[in-house]
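Participant: below are the sequence and a predicted model for it; my questions follow.
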Amino acid sequence: MSEALRVTITGAGGRMGQALAYAAQGRSDLRIAAALDHAQAEGMGRPVIPEAAVLVSSDVAAAVSACDVVVDFTRPEATMAVLEAARQAGRGMVIGTTGFSTSQLADIDTASADIPIVMAANFSLGVNLLRAMVVRAAQSLGQDFDIEIVEAHHRHKVDAPSGTALALGEAAAEGRGVSLRDVAVMSREGHTGARPEGSIGFATVRGGDVVGDHQVLFLGDGERVEIGHRASSRATFANGALRAAAWLRGRGPGRYDMFDVLGLS
């Protein structure tokens, strides 16, 4: 039996950090090697979860060197600091953070020439199946159907549209053979005029404790197709991210996504 994969969890005190720690604690094929958070975090110096002996630290270099794979769900600026440490140490990364700038995405691509990285807007197995379905539906239904993407998240989410909504938009654009950048409509207000032909629209809802709802609407004359996904627990994302971490064992450098992990590519 192979040795358990050593995982470092970043943002250890956050919602996803805690979900990852509990999910990892329940697995025999990996173990929590380190837990990382910012120096002012409330849980600094305490066990990441009561069941684990690993203490939360702010030492990026030590946390990264202790593991085989870093699992990161934080903020873009924090991710970039951890990414550089992982690149220098030759450790793989699973990146679930969203909201990166163009230059930060370029830096992630550069790092993937040296280390293996699984990066996805959403690590839910169901959402990634949904992405594949959206590509196929957009191919099959064509320009006769308008496409709208509606997403809802909790009141604390800081970026909009969500990374998952954008990924679904990319899937729809891929199915149509166009660039999302050229056809996306991110907001509507006032006298907008008729809907631009071929556009892909986005609508954002924020409130309460919604974990994550996404719906893709294909709206035709006389009929519509609705496909979507609702997450009720962050454990869904945590389990997918840890599955990606385990998949990275022995992989060469490159930027991968959940389609690769699930064999949907």
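Facilitator: Cool, the structure landed. Worth saying up front: this structure is predicted, and the values here are computed from it rather than measured. Numbers count the residues shown, from 1 in each chain.

Participant: check contacts around the closest residue to L248 other than its chain neighbours.
Facilitator: Using CB to CB, 6 or more residues apart in numbering and skipping the chain neighbours, the partner closest in space to L248 is G92 (4.4 Å). (C-beta placed from N, C-alpha, C; glycine too.) By CB atoms under 8 Å, 6 or more residues apart in numbering, the contact list for G92 reads 68-70, 86, 115-118, 245, 248, 251.

Participant: and if you look at A172?
Facilitator: A172 neighbours (CB under 8 Å, 6+ apart): 134-135, 137-138, 147, 149, 180, 200, 216.

Participant: which PyMOL command selects the buried ones in those residues?
Facilitator: In PyMOL, this line selects whichever of those come out buried by 16 or more other CB atoms under 10 Å:
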select buried, resi 134+135+137+138+147+149+180+200+216
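
Participant: and the two most separated of the contacts of A172?
Facilitator: A137 and L180 (15.6 Å; CB to CB).

Participant: next, count neighbours for the residue nearest to A120 when sequence neighbours are not counted.
Facilitator: Excluding the flanking residues, the one nearest A120 by CB to CB, 6+ apart is M258, at 4.5 Å. M258 has 27 neighbouring residues, counting by other CB atoms under 10 Å.

Participant: please apply the same query to the one 5 residues further on.
Facilitator: Other residues near G263 come to 6 when the count uses other CB under 10 Å.

Participant: separation between it and W247?
Facilitator: 10 Å (CB to CB, to the nearest Å).

Participant: pretty sure F73 contacts G14?
Facilitator: Yes - in terms of CB atoms under 8 Å, F73 counts as a neighbour of G14; the distance is 7.1 Å.

Participant: the helices in the stretch 1-150 of the chain, which residues?
Facilitator: 15-25, 60-65, 76-89, 102-111, 125-141 (DSSP state H, counting those that start in this stretch).

Participant: most tightly packed of those?
Facilitator: helix 15-25 (a mean of 22; mean count of other CB atoms under 10 Å).

Participant: off-centre distance for that helix?
Facilitator: Mean-position distance between helix 15-25 and its chain equals 15 Å (CA atoms, centre = their mean, to the nearest Å).

Participant: and that helix, what does it pack against?
Facilitator: strand 5-10, strand 30-36, helix 235-247 (3 or more CB pairs under 8 Å, 6 or more residues apart in numbering; DSSP states H and E).

Participant: so for L129, which of those sits nearest?
Facilitator: helix 235-247 (11.2 Å).

Participant: report the angle between that closest one and helix 125-141.
Facilitator: 90 degrees (axes from the mean of the first three to the mean of the last three CA atoms, to 10 degrees).

Participant: CA-only coordinates of helix 235-247 in CSV, if you can.
Facilitator: Extracted in CSV, the C-alpha atoms of helix 235-247 (Å, rounded to 0.1, in the frame of the first residue of the first chain):
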residue,chain,number,x,y,z
ALA,A,235,-18.0,19.0,1.5
THR,A,236,-19.0,18.5,-2.2
PHE,A,237,-16.2,20.8,-3.3
ALA,A,238,-13.7,19.6,-0.6
ASN,A,239,-14.1,16.0,-1.7
GLY,A,240,-13.6,16.9,-5.4
ALA,A,241,-10.5,18.9,-4.5
LEU,A,242,-9.0,16.1,-2.5
ARG,A,243,-9.8,13.7,-5.4
ALA,A,244,-7.8,16.1,-7.6
ALA,A,245,-4.9,16.2,-5.1
ALA,A,246,-4.7,12.4,-5.1
TRP,A,247,-4.9,12.3,-8.9
